[in-house]
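J.: Sequence first, predicted coordinates after that:
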Protein chains: 2
Amino acid sequence: MEAVTNETPIPVVDLDRLERNLDRMADYASKNQLALRPHTKTHKSPRIAAEQIRRGAVGLTCATLLEAEVMAEASSDLFLAYQPVGEAKLQRLLALPTECGITVALDSDRVADELHRAALQRDRRVGVLVELDLGMHRVGVSGIDAAIRLAAMVARRPPLIYRGITFYPGHIRGPSQHTEAGLHQLREVLGRAVAALDSAGLRPGIVSGGSTPTAWRTHEVSEITEMRPGTYVYNDRTTAEIGACTWDDCALTILATVVSTAVPGQAVIDAGSKALGREPAEGGGAGYGALLDRPEVTVARMSEEHGILDLQRTEWRPEVGEQVRVVPNHACIAVHLHEVVYGIRNDRLETSWPVTARGRRPLREPIEV
Amino acid sequence: MEAVTNETPIPVVDLDRLERNLDRMADYASKNQLALRPHTKTHKSPRIAAEQIRRGAVGLTCATLLEAEVMAEASSDLFLAYQPVGEAKLQRLLALPTECGITVALDSDRVADELHRAALQRDRRVGVLVELDLGMHRVGVSGIDAAIRLAAMVARRPPLIYRGITFYPGHIRGPSQHTEAGLHQLREVLGRAVAALDSAGLRPGIVSGGSTPTAWRTHEVSEITEMRPGTYVYNDRTTAEIGACTWDDCALTILATVVSTAVPGQAVIDAGSKALGREPAEGGGAGYGALLDRPEVTVARMSEEHGILDLQRTEWRPEVGEQVRVVPNHACIAVHLHEVVYGIRNDRLETSWPVTARGRRPLREPIEV
């Protein structure tokens, strides 16, 4: 690729690939009558969110309050897939534009109670999905009885509205036999949970699941009504390695410059852990990223501002000043490290957009100090 | 600790510890007649840099051009410990305020050549330290002959000024016997290099080295004239584990809130890899950070916005909403993930300051698009 800019390291997105990725997921959801509510943590950019909405997404998923504050400008139907704990987060949640419908994930009686009080005070309806732990063991109530209890509690407390259940199948990835076993177990557990809620008069209107790794299998779990993939817009080395996309679907790369070839057998680029993120390659590959045009060349080691390209499996010997494009192991982490993403088409710079929801401070009001 | 703020996750710095850390390193350098040129990559904040200068630092070290642009306001003597490759970086370097003395690290003839041409064009003096690889195998010329050749080339090309040599002993850390062997080897290799440069009429005026892990042993390597520790201002779990500081010297923590206790045996906090960084504990400890007040409780797993506290080695059972302070494994990475650092004294919020040099875009001019 010719140099699109001399300022490196920066994230560049191939716009043709991005649009193809957006279309493909929208088509899959539509064809399978699944509501698509993409997770915005990957891009954190209202511009990409708007493209998702334009292609039929029913709303957006957010993890942080800042993501919700930013994404309220792209959609009026937001799901905070993260329990809002504490007065500050509750106030930010309820201060979202009133025309914006909000739904949150909950796994705690106490937070349900606090949310109820805050919603009552503001006289604002807040949808609730009860979060279930279906094997990832991160958050979520772990027994069906506990789920029924929490759902019943929410259903009795307007202006909270019990809307259904949510889960994150982050544990289902990796080799295909694991995926098969995981999906089998998911079908079973989810089937029992929905049936039990139904018997208790708490039939979930929404059953929300679906990560990028499991996205293309969502239709095989008949209970699921809504999917929330995030990474699919950009994809990354892990997504390709576990087979949930091809290498040619990787839209995001970190453009970097070779800054040293002084040590034999390696080349050093100006993208280290502060530009790529130190994320493992979950598909089993070594290193922290691989070159788009030479996937056999990996970023074997990193310092904060140095990435060490391992040249053992290539005849290629780059010169100082040469540019490379690294497919990071985890797109969501890499994007979070940059302020602006650059869009290229046919290797030419076409546009750029800010990673607006990248920060951690409230969008509208200063933090109390 | 009482809640200093409800907005979590945020980085908080204990100001008494910070000041003690700043004083201690300044005293060590002064007592041992070593020039102290702290690396600003750790804090990226002019306010902390000013405190370092006030305590006698001769100048500052930067890794990125943005750090240099920001730190030019705190010191008029900057060392860019990173070879500036490409026209964009050279122009940014030479556009630093003219009253600011600049010195750069080099390991490439080609970059020396480009730097020379750019400096000539601007008629600006630029100091050069030839970078040696003394065992870390990241950057730096690897043989004494190559070092002499590059130094001689620089010395013949005003307005470049050959000022000496630099290296980064990042490979010397870990168990004390490794440190002893590493220091022994360093003394030997460095002694030979300085003697050979001296014989060639290229006696280095500056011999710049010294990471935080080796900082307190710098005086044992008699050739070193200048040290560039960075992490010592805040310290972190790795620094404590390898014995280069005590746990009570850890000034930086990430304040987080317990957001879920639904899964037995663990508690989930709202600080994940996007707030703590996914850095290994280099001293051998497991996990990605440990609680300041309960170092036996570690962040065992992380998602982007979730940190999983392992409660196996504690009787403590936190409640949802409780705040904790996590000492991250690597302070430089954690700080880079936040816009603002909050200063506390006696557990009360006293001040805050921006992580000004955190971004990747030029400070003054827009990037070309």
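T.: It's in.
J.: now what about the lowest-mean-pLDDT helix or strand in chain A, what contacts it?
T.: Here the helix or strand of chain A ranked lowest by mean pLDDT, DSSP states H and E is helix A:176-199, holding a mean of 89. Contact with helix A:176-199 is made by A:132, A:134-135, A:144, A:147-148, A:151, A:165, A:167, A:169, A:171-173, A:203-204, A:207, A:209, A:213-214, A:217, A:220-224, A:243, as judged by CB atoms under 8 Å, 6 or more residues apart in numbering or on different chains. Any C-beta I mention is one placed from the backbone N, CA and C, and that applies to glycine too.
J.: Can you list the low-confidence ranges for the stretch 1-150 of chain A?
T.: Scanning the stretch 1-150 of chain A for pLDDT under 70 picks out A:1-5.
J.: so is the residue of the stretch 51-200 of chain A found nearest chain B in a helix, a strand, or just coil?
T.: Proximity of the stretch 51-200 of chain A to chain B (CB to the nearest CB) peaks at A:Ala88, 3.3 Å away. Under the three-state scheme (DSSP: H, G, I helix; E, B strand; the rest coil), A:Ala88 adopts helix.
J.: Against A:Val85, how distant is the nearest residue to it once chain neighbours are set aside?
T.: Distance criterion CB to CB, 6 or more residues apart in numbering or on different chains; nearest residue to A:Ala88, sequence neighbours excluded, is B:Asn6 at 3.3 Å. Between B:Asn6 and A:Val85 the computed distance is 9 Å (CB to CB, to the nearest Å).
J.: Excluding residues flanking it in the chain, which one is nearest the one residue sitting closest to the centre of chain A?
T.: For chain A, the residue nearest the mean C-alpha position is A:Gly230 (3.4 Å; CA atoms, centre = their mean). Closest residue to A:Gly230 apart from its sequence neighbours, by CB to CB, 6+ apart: A:His39 at 3.2 Å.
J.: For the closest residue to A:Val297 other than its chain neighbours, give me its contacts.
T.: Residue nearest to A:Val297 in three dimensions, not counting chain neighbours: A:Leu291, with 4.5 Å by CB to CB, 6+ apart. For A:Leu291, the contacting residues are A:Val297, A:Thr298, A:Leu309, A:Val324, A:Arg325, A:Val326, A:Val327, by CB under 8 Å, 6+ apart.
J.: So for the fifth one, what's the pLDDT?
T.: Meaning A:Arg325. pLDDT recorded at A:Arg325 is 98.
J.: Surely it and A:Ala251 touch.
T.: No. Checked against CB atoms under 8 Å, the pair A:Arg325 and A:Ala251 is beyond contact range at 11.2 Å.
J.: So for those two, which residue has more residues nearby?
T.: Set A:Arg325 next to A:Ala251 and count neighbours by other CB atoms under 10 Å in any protein chain shown: A:Ala251 wins out with 26 against 22.
J.: Which strands or helices does the strand of greatest length in chain A pack on?
T.: Scanning chain A for the strand with the most residues, using DSSP state E, yields strand A:252-260. Contact here means 3 or more CB pairs under 8 Å, 6 or more residues apart in numbering or on different chains; DSSP states H and E; on that basis strand A:252-260 packs against strand A:10-14, strand A:266-269, helix A:273-276, strand A:323-328, helix A:331-336.
J.: Mind listing the strands that strand pairs with, and their directions?
T.: With DSSP bridges as the test, strand A:252-260 is paired with strand A:10-14 (antiparallel), strand A:266-269 (antiparallel), strand A:323-328 (antiparallel).
J.: where does the first one sit relative to the chain's centre, distance-wise?
T.: Averaging C-alpha positions (CA atoms, centre = their mean, to the nearest Å) puts strand A:10-14 17 Å from its chain's average.
J.: what's in contact with that strand?
T.: A:4, A:234, A:251-255, A:325, A:334-335, A:338, A:340-345, B:360, B:367.
J.: C-terminal to that strand, which secondary structure element comes first?
T.: helix A:15-31 (DSSP states H and E).
J.: returning to that earlier point: next, the angle helix A:15-31 makes with the longest strand of chain A.
T.: Interaxial angle, strand A:252-260 versus helix A:15-31 (axes from the mean of the first three to the mean of the last three CA atoms, to 10 degrees): 150 degrees.
J.: Dump strand A:252-260 to CSV, restricted to CA.
T.: What follows is strand A:252-260, C-alpha atoms only, in CSV (Å, rounded to 0.1, in the frame of the first residue of the first chain):
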residue,chain,number,x,y,z
LEU,A,252,-9.5,-2.5,10.7
THR,A,253,-5.7,-2.4,10.7
ILE,A,254,-3.2,-0.3,12.6
LEU,A,255,-1.0,1.5,10.1
ALA,A,256,2.6,1.6,11.5
THR,A,257,6.1,2.5,10.3
VAL,A,258,9.2,0.3,10.6
VAL,A,259,11.5,2.3,12.9
SER,A,260,14.4,0.0,13.4
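J.: how long is stretch A:125-138 end to end?
T.: For stretch A:125-138, the first-to-last residue distance is 28 Å (CA to CA, to the nearest Å).
J.: in it, what counts as buried?
T.: Buried residues in stretch A:125-138, counting neighbours by 16 or more other CB atoms under 10 Å in any protein chain shown, are found at A:126-138.
J.: filter those residues down to the ones close to chain B.
T.: The residues of the buried residues of stretch A:125-138 that also fall near chain B, by CB under 8 Å from any CB of the partner chain, are A:Glu131, A:Asp133, A:His137, A:Arg138.
J.: how about the residues you listed, which pair is most distant?
T.: Spatial extent of these (CB to CB) is set by the pair A:Glu131 and A:His137 at 12.5 Å.
J.: if we can go back for a sec, which ones among the contacts of helix A:176-199 lie within helices?
T.: Using DSSP state H, A:Ile144, A:Ala147, A:Ile148, A:Ala151 are the members of the contacts of helix A:176-199 that sit in helices.
J.: Please give the number of neighbouring residues around the third one.
T.: What it means is A:Ile148. Residues near A:Ile148, counting by other CB under 10 Å: 19.
J.: need the contact list for the closest residue to it other than its chain neighbours.
T.: Nearest non-adjacent residue to A:Ile148, counting by CB to CB, 6+ apart: A:Ala200, 4.9 Å away. By CB under 8 Å, 6+ apart, A:Ala200 lies in contact with A:Ile148, A:Ala151, A:Ala152.
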